[in-house]
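# build the 3D model from these lines:
(2 chains)
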Amino acid sequence: MLAFVLRRLFQAALVMLAVAFVAFSLFNYVGDPVNLMLGQDATPEQKKDLRESLGLDQPDYVQFAVFVKNAMKGEFGLSLKQGRLVSTLIKERLPATLELALAAAVIALAGGLLMGVYTALRRDGWLSQLLLTVSLIGVSLPNFLIGILLILVFAVSWQVLPSYGRGDVTMLGWWSTGLLTASGLKALVLPAFTLSLFPMTLIMRLVRSEMLEVLRTDYIKFARARGLTNRAVHFGHALKNTLVPVMTITGLQLGSIIAFAIVTETVFQWPGMGFLFIQSVQFADIPVMAAYLVLISLVFVTINLIVDLLYYVVDPRLRFDRAAGAH
Amino acid sequence: MEALNRFFDSDVWWSFKRSPVTVVAAVLALLCILGAVSAPVLAPHNPYDLAQISLLDSNLPPAWQANGNPSFKLGTDQQGRDILSTIMYGSRVSLLVAVCAVAMSILMGVSLGLVAGYAGGRIESLIMRIADIQLTFPAILVALLISGVARQFVPRDMQDAMALYVIIFSIGLTGWPQYARTVRGATLVEKSKEYVQAARVIGVSSSSIMFRHVLPNVLGPVLVIATLNIANAIIAEATLSFLGVGMPPTQPSLGTLISEGQNFLFSGEWWITVFPGAALIVMVISVNIFGDWLRDALNPKLR
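Predicted coordinates:
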C-alpha cells in the first residue's frame, strides 16, 4: 500500500514539475522581462540592476528552483497587462468559475439521474428513444455552438435571459457570489446549462445501463415478490445501488467541467479563470498564463490521484496489477 | 478494374449499401470535402479578393428573404463577402488542419506504439506512462494549453503566418496516445507470431521487422481511429479558432467565421454565424456516423 501511494505521489510530483518547467520556460525564454518592465529608454545600468534584483543573472537551475518555490506559495508576479498581482487576479476570478462549474455539475447530476432512470424504466417508450438519439447528437456537437444557439434563442429572439456577464454579485468576504441576486441567477442559467450538457448525457447513459443491470438482479425480483410498490422498488432499491459509480464519475467529471468552462466562459463572457486564461494567451500575459497552467494541472493531478487511491481501496485486484507496473 | 470489382463484391460494400443513414452521411461528407477542396473553382465569389467584394453588398440577408440578393445565396457579412463562399473557403482550412493534425498524430502514435510494443522494457513503460498521463487531461484542454504556450514562442509579427502550423502541431500532439496504445497492443500480439521469429532468424534488422513486417499488420484499427479522430480534430480546430487562439481572421476557418459572426447576433444578422455553424455540424456529424459504421464494418467480431 505504502509503495503504491508513494509511487503515485512521485508520479504526480513529476508531472507538476514538468508543467512548472514549461511555465518557467515561458517566463524566461519568451521576450525579455527586463525590457518589458523598463521600456525602451532604460540605461544599461538600470537593466543590469533590475536583472540582478530579479535574480536573472543566476544560472537557470537556480532560477527554476526559485520559480518552483514561489509557485508553491502561489506567487507568480505581476500581470503584464493589468499590472496587478496574479494571485489577486486569480482569487477574484476563482469564485465565478467554481460557481459555474458547481451549478453545471448539479444540473448534470439532477438531469442525468432523472433521464437515466426514465430511459431505463420505459425502455421502449418514444421519449426514451428520443432522449437517447438527441444525447448522441448532442455529444458530437462542439460545445460553443450549443452556447451560441442558446444565446440566439433565449437572448436574441425571446430576450428572456442575459447572454453575457454574471449579473449583480454580492461580496461575502473576498468571495463574490452571483447566487443571491435575481440577475445573478438569471445570468447563470444559460452558461451552466451549456456546460452541463456533456456530463449530463454521460451520467444519463451510465445511470441507464446500471439501472438496467440492477433491475435484472434477484433482490429486485425478491422485492417485487414481497409486494413492494413499483416506486419503492425502483427508487428505494434499484436507484440506490446505482449511485456509487455515478458519484465517482461525477467527481471525475468535475475536473473536465472546470476545463471546458474555458469555452463556455468565452462564449458567455463569464468573468472566470478560463476567460482570464484566453485573454492572457491573446495578450501574451505570461505570468497569468503560467499561473493558470500550474493551477489547472494541479486540479487534474489531484483529482486523478484521489481517484486512483479510491480505486485501490475499493478494488483489491488492482493492488497486484498496478504495483507491478503492468497495464 | 479488378480491384474495383473486388471492392463492390465485398462485405464492407454490402453492409454500406444496407445502411441508409451511412449512405446519406457519406454523401454529405463527400459533398463537404468536394466543396472545400474545389472552393476556388466552385465558390460563386472569391471573398478574399478585394476587387470582388463591395461594401455596398454588406450585411445582406439570405436570398430567400426580403432584401436578399439572388447572387448571394446565404447572404453577406459586414464587409460584403458572400457567406456561402466564406464557408467553402473556411471548410478548406478546417479540413486541411484536421487532416494534417491527424496525420501527425498517426505518425507519432504509430511509431511510438511500435517501438514501445517491440522494444519493451524501460522504453515501453516510459512511453506508455506519458501516454497515460496525457490521457488523464481532456484533449481539448491539452490542445488549448499547447497552442497557448506554442504561440508565445512564435515572434509577434509572424503569428498570423505561423498560426496554421501552430494549430496543426497542438492538435496533432494531443492525439498520439490513442494510436500508441492501439498499436502497442497489436504489436505485442504480432511480435510473438511465427513470421516475426522467422524474419529474426534470417537476420532482418529490428527496425526493418518493425516497419516492414509488423506495421502493415497493425494498421487496420489505426484507420478506424483516424476516421473518428478527423471529426474530433475538426471540433478541436473550430473550438481553438473560436476562442481566438486558432486561425486568424485573415485566413479564417469555420471556427473563426462563427466567432466573428457572434458579434452580429444582436444586431439581427444571424446568418453570419448560423450558416458556418450549420456547415460545421453537418461535417462533424456525417464524418462521425461514417466512422462509427466503418468501425463496426471492419470489426469481424460484430459480424
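# and stretch A:88-100, how far out from the chain middle?
Its chain's average C-alpha position is 12 Å from that of stretch A:88-100, according to CA atoms, centre = their mean, to the nearest Å.
# once you drop chain neighbours, what's closest to the residue nearest to the spatial centre of chain B?
In chain B, the centroid-proximal residue (CA atoms, centre = their mean) is B:A98; its distance is 2.7 Å. Excluding the flanking residues, the one nearest B:A98 by CB to CB, 6 or more residues apart in numbering or on different chains is B:A233, at 3.9 Å. In short, each C-beta sits where N, CA and C put it, glycine included.
# before we move on, what about A:H237?
A:A223 (5.2 Å).
# wait, what's in contact with the one you found?
Residues near A:A223 by CB atoms under 8 Å, 6 or more residues apart in numbering or on different chains: A:A232, A:V233, A:H237.
# the second one: neighbour count?
When neighbours are defined as other CB atoms under 10 Å in any protein chain shown, A:V233 has 19 of them.
# quick check: chain neighbours aside, which residue is closest to it?
A:A223 (4.9 Å).
# would you list every one of the strands in the stretch 101-250 of chain B?
Using DSSP state E, counting those that start in this stretch, the stretch 101-250 of chain B contains no strands.
# show me which residues of it sit near chain A.
With CB under 8 Å from any CB of the partner chain as the criterion, the stretch 101-250 of chain B meets chain A at residues B:125, B:128-129, B:132-133, B:136-138, B:140-141, B:144-145, B:148-149, B:151-153, B:156, B:231, B:235, B:238-239, B:242-245.
# hmm, try it at 6 Å
By the rule CB under 6 Å from any CB of the partner chain, the part of the stretch 101-250 of chain B lying against chain A is B:133, B:136-138, B:141, B:148, B:152, B:235, B:238-239, B:242-245.
# helices of chain B, start to end?
B:2-8, B:11-17, B:20-37, B:39-42, B:83-119, B:121-135, B:139-152, B:159-191, B:194-201, B:206-208, B:215-242, B:254-262, B:271-298 (DSSP state H).
# if I pick the closest residue to B:G117 other than its chain neighbours, what's in contact with it?
Spatially, and ignoring its direct neighbours in sequence, B:G117 is nearest to B:T187 (2.9 Å; CB to CB, 6+ apart). Applying CB atoms under 6 Å, 6 or more residues apart in numbering or on different chains to B:T187 gives the contacts B:L114, B:G117, B:Y118, B:V214, B:V218.
# same check on B:D57?
B:D57 neighbours (CB under 6 Å, 6+ apart): B:T76, B:G80.
# before we move on, the earlier item: distance check, the residue nearest to B:G117 against chain A.
Computed as CB to the nearest CB, to the nearest Å, the B:T187 to chain A distance reads 15 Å.
# check B:P61 too.
For B:P61 relative to chain A (CB to the nearest CB), the value is 15 Å.
# that residue contacts B:G75, correct?
Yes: at 5.0 Å, B:P61 counts as touching B:G75 under the criterion of CB atoms under 6 Å.
# list the residues that contact both of those two?
By CB under 6 Å, 6+ apart, no residue touches both B:P61 and B:G75.
# quick one: which of those two has more around it?
Set side by side, B:P61 and B:G75 show more neighbours around B:G75, with 26 against 18, by other CB under 10 Å.
# where are the low-confidence patches of the stretch 201-303 of chain B?
B:300-303 (pLDDT under 70).
# quick one: buried residues of the strand or helix carrying A:M289?
Using DSSP states H and E, A:M289 sits in helix A:286-314. Neighbour counts using 16 or more other CB atoms under 10 Å in any protein chain shown place A:286-297, A:300-301, A:303-305, A:308, A:312 of helix A:286-314 among the buried residues.
# one more: stretch B:268-275?
B:E269, B:W270, B:W271, B:I272, B:T273, B:V274, B:F275.
# now those residues in TSV, with distance to B:M210?
Shown next, in TSV, are those (distance: CB to CB, whole Å):
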residue	distance to B:M210
B:E269	56
B:W270	54
B:W271	53
B:I272	51
B:T273	48
B:V274	49
B:F275	47
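# about what we covered before: was I right to think the residue nearest to B:A98 contacts B:V102?
Yes: the criterion here is CB under 6 Å, and B:A233 meets it with B:V102 at 5.4 Å.
# would you mind telling me which of those two has more residues around it?
Neighbours of B:A233 and B:V102, each counted by other CB under 10 Å, are more numerous for B:A233; the result is 31 against 25.
# thinking again about what came up before, just give me the closest of the contacts of B:T187 to chain A.
B:G117 (12.7 Å; CB to the nearest CB).
# ok, B:H213 - contacts?
With CB under 6 Å, 6+ apart, B:H213 has these contacts: B:A199.
# 10 Å - rerun?
Residues near B:H213 by CB atoms under 10 Å, 6 or more residues apart in numbering or on different chains: B:E190, B:K193, B:Y195, B:V196, B:A198, B:A199, B:R200, B:V204.
# could you do B:E124 as well?
B:L112, B:G113, B:V115, B:A116, B:G117, B:Y118, B:R184, B:L188.
# coming back round to it: could the residues of the stretch 101-250 of chain B next to chain A go into JSON lines alongside neighbour count?
Shown next, in JSON lines, are those (neighbours: other CB atoms under 10 Å in any protein chain shown):
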{"residue": "B:I133", "neighbour count": "18"}
{"residue": "B:T136", "neighbour count": "17"}
{"residue": "B:F137", "neighbour count": "21"}
{"residue": "B:P138", "neighbour count": "18"}
{"residue": "B:L141", "neighbour count": "21"}
{"residue": "B:G148", "neighbour count": "24"}
{"residue": "B:Q152", "neighbour count": "18"}
{"residue": "B:I235", "neighbour count": "26"}
{"residue": "B:A238", "neighbour count": "31"}
{"residue": "B:T239", "neighbour count": "25"}
{"residue": "B:F242", "neighbour count": "29"}
{"residue": "B:L243", "neighbour count": "26"}
{"residue": "B:G244", "neighbour count": "17"}
{"residue": "B:V245", "neighbour count": "23"}
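# may I see those arranged in CSV, with distance to B:L28 as well?
Below are these laid out as CSV (distance: CB to CB, whole Å):
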residue, distance to B:L28
B:I133, 37
B:T136, 35
B:F137, 32
B:P138, 28
B:L141, 30
B:G148, 33
B:Q152, 39
B:I235, 17
B:A238, 17
B:T239, 22
B:F242, 22
B:L243, 27
B:G244, 29
B:V245, 29
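# just the residues you listed now: which is nearest A:L9?
Each of these was checked against A:L9 using CB to CB; the closest is B:I133, at 14.1 Å.
# how many neighbours does the closest residue in space to that closest one that isn't next to it in sequence have?
In this structure, B:I133 finds its nearest non-sequential neighbour in A:V15, 5.8 Å apart by CB to CB, 6+ apart. Using other CB under 10 Å, A:V15 has 22 other residues around it.
# which SSE is A:V15 in?
helix A:2-29.
# what comes up buried for that helix?
A:8, A:11-12, A:15-16, A:19-20, A:22-28.
# make a markdown table from those residues and add pLDDT to it.
Putting the buried residues of helix A:2-29 into a markdown table (pLDDT from 0 to 100) gives the following:
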| residue | pLDDT |
| --- | --- |
| A:R8 | 85 |
| A:Q11 | 87 |
| A:A12 | 89 |
| A:V15 | 90 |
| A:M16 | 91 |
| A:V19 | 90 |
| A:A20 | 90 |
| A:V22 | 87 |
| A:A23 | 86 |
| A:F24 | 87 |
| A:S25 | 85 |
| A:L26 | 82 |
| A:F27 | 77 |
| A:N28 | 76 |
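# of the residues you listed, which pair is most distant in space?
Using CB to CB, the buried residues of helix A:2-29 span at most 30.3 Å, a distance reached by A:R8 and A:N28.
# report the central residue of chain A.
Residue closest to the mean C-alpha point of chain A, counted by CA atoms, centre = their mean, is A:I258 at 1.7 Å.
# how much space separates the residue nearest to B:G117 from B:A238?
34 Å (CB to CB, to the nearest Å).
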